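>>> sharing a sequence plus its predicted fold:
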Amino acid sequence: MTISIETPLLYSQPLSALNRCHVWLKMESSQPSGSFKLRSAGHACQHYAEQGAKGFVSSSGGNAGIAVAYSGRKLNLPVTVVVPETTSARARQLIEQQGAKLIVHGKIWAEANELALAMASEEIVYIHPFDNPLLWDGISELVDEVVAQQVKPDAVLLSVGGGSLLSGVAQGLEKHGLAQTPIYAAETFGTGSLNAAIKADRLVRLEKLSGIATTLAASQVCENAFNVSKKHDVRSHLVTDEEAVAACKAFLNDHRTLVEPACGAALALLYGQKATFKPDDNLLVIVCGGASVTYEDLLK
Ligand SMILES: *Cc1c(COP(=O)(O)O)cnc(C)c1O
């Protein structure tokens, strides 16, 4: 059994025409929990369950917490998600919908996370949102699926928050001898922790995070993501919140799928034609998804 599912790989006629090349969409938005986090959290939870874990604890009010909650339900193991008061009603609802116990604690995430860590034990395993090799192993499988469908990407486009998606995709590319493939890494201006690290040539902790792409708001990327940016051809791009939201709207019309602004950041590279490609190039866009977004959010 795997907890995550094989997602569709769709050819995008409108994005291919706009960018004058071949654009493929890896639809992680189709994961039952709404994002690629089911690959990472699902893989980790399953691994720990096989090792005898009796439950899980998470401190993410976002897609990672929802994915842990979903995974626990599938594995018949209890999940507790500790979130700060700032977590939206929608996110709380989605976590509880998966049958997890929700604890609201603290004004900021660090306080919620402290409680989550204190609740963890040998048997109740803490699942990090982005920094654990097991998470990247799970994510790397999405590249296996693309390769199995005989699409060889000439470039990959994805969004970066804490850097698990970047880490897992880079690992998947390496597995298939595609380590040379350029990776376009999108963040918003208010969440550019990878961009800052690349510019400074060391890990950087941002003092302030801002903007609509809250799912990308990690003040520092994980060390592995920084190492990937040194070892691989990673091309960092920043987009505005407006560009990310506009990309979500265009994508909704073009592909009838609603995604979060975090995912819109990667899509904005193509809707905004931020790079040029060769006519024969096959681009792989990781449509990372997002569970909490509603169409009303895009109207604000
Ligand atoms: C978690 C997440 C991201 C960022 O992924 P990282 O692995 O933290 O870089 C982007 N988009 C969505 C929808 C996510 O859930």
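Here it is on my side, so go on.
>>> OK, contacts around the residue of the stretch 1-150 of the chain found nearest the ligand?
In the stretch 1-150 of the chain, the residue found nearest to the ligand is Asn63; the distance is 3.3 Å by CB to the nearest ligand atom. For glycine as for every other residue, the C-beta is placed from the backbone atoms N, C-alpha and C. Going by CB atoms under 8 Å, 6 or more residues apart in numbering, Asn63 touches 33-35, 37, 215, 289-292.
>>> so how far is Leu203 from it?
23 Å (CB to CB, to the nearest Å).
>>> same question for Val57.
Val57 is 26 Å from Leu203, by CB to CB.
>>> neighbour-wise, which of these two wins?
Set side by side, Val57 and Leu203 show more neighbours around Val57, with 26 against 16, by other CB atoms under 10 Å.
>>> OK, contacts around that one?
Val57 is in contact with 79-82, 116, 119-120, 124-127, counting by CB under 8 Å, 6+ apart.
>>> buried among those? Need that as a selection in ChimeraX.
Selecting the buried subset of those in ChimeraX, with 16 or more other CB atoms under 10 Å as the burial test, is done by:
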select :79,80,81,82,116,120,124,125,126,127
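>>> closest to Pro261 among the contacts of Val57?
Nearest to Pro261 among the contacts of Val57 is Val81, at 22.1 Å by CB to CB.
>>> contacts only, for the closest one.
Contacts of Val81 by CB under 8 Å, 6+ apart are 57-61, 65, 68-69, 95, 100-103, 116.
>>> so of the residues you listed, which ones are in helices?
Among these, the ones falling in helices (DSSP state H) are 65, 68-69, 95, 116.
>>> which one of these is nearest Lys199?
Using CB to CB as the measure, the one of those that approaches Lys199 most closely is Gly65, at 30.8 Å.
>>> and the pLDDT at the closest one?
Looking at Gly65, its pLDDT is 96.
>>> swap in Val156?
Val156 is assigned 98 on the pLDDT scale.
>>> tell me the secondary structure for it?
Assigned with DSSP: H, G, I helix; E, B strand; the rest coil, Val156 falls in the strand class.
>>> residues near it, how many?
There are 27 residues near Val156, going by other CB under 10 Å.
>>> if we can go back for a sec, now the contacts of Val81 in JSON lines, please, with extra columns for distance to Asn195.
Formatted as JSON lines, the contacts of Val81 follow (distance: CB to CB, whole Å):
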{"residue": "Val57", "distance to Asn195": "31"}
{"residue": "Ser58", "distance to Asn195": "27"}
{"residue": "Ser59", "distance to Asn195": "25"}
{"residue": "Ser60", "distance to Asn195": "22"}
{"residue": "Gly61", "distance to Asn195": "24"}
{"residue": "Gly65", "distance to Asn195": "26"}
{"residue": "Val68", "distance to Asn195": "28"}
{"residue": "Ala69", "distance to Asn195": "31"}
{"residue": "Ile95", "distance to Asn195": "30"}
{"residue": "Ala100", "distance to Asn195": "33"}
{"residue": "Lys101", "distance to Asn195": "37"}
{"residue": "Leu102", "distance to Asn195": "33"}
{"residue": "Ile103", "distance to Asn195": "34"}
{"residue": "Ala116", "distance to Asn195": "28"}
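>>> spell out which residues of the protein are next to the ligand.
35, 37, 63, 130, 159-166, 215-216, 218, 260, 262-263, 288-290 (CB under 6 Å from any ligand atom).
>>> strands - which of those land there?
Those of the residues of the chain next to the ligand mapping onto strands are Ser159, per DSSP state E.
>>> picking that back up, okay, the contacts of Val57 in TSV with distance to Ile183 next?
Shown next, in TSV, are the contacts of Val57 (distance: CB to CB, whole Å):
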residue	distance to Ile183
Val79	32
Thr80	35
Val81	30
Val82	33
Ala116	31
Met119	36
Ala120	32
Ile124	35
Val125	30
Tyr126	29
Ile127	25
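>>> next step: the contacts of Val57 restricted to helices.
Those of these lying in helices (DSSP H): 116, 119.
>>> can you add pLDDT and give the contacts of Val57 back as JSON lines?
Listed next are those as JSON lines, based on pLDDT from 0 to 100:
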{"residue": "Val79", "pLDDT": "98"}
{"residue": "Thr80", "pLDDT": "98"}
{"residue": "Val81", "pLDDT": "97"}
{"residue": "Val82", "pLDDT": "96"}
{"residue": "Ala116", "pLDDT": "97"}
{"residue": "Met119", "pLDDT": "97"}
{"residue": "Ala120", "pLDDT": "98"}
{"residue": "Ile124", "pLDDT": "98"}
{"residue": "Val125", "pLDDT": "98"}
{"residue": "Tyr126", "pLDDT": "98"}
{"residue": "Ile127", "pLDDT": "98"}
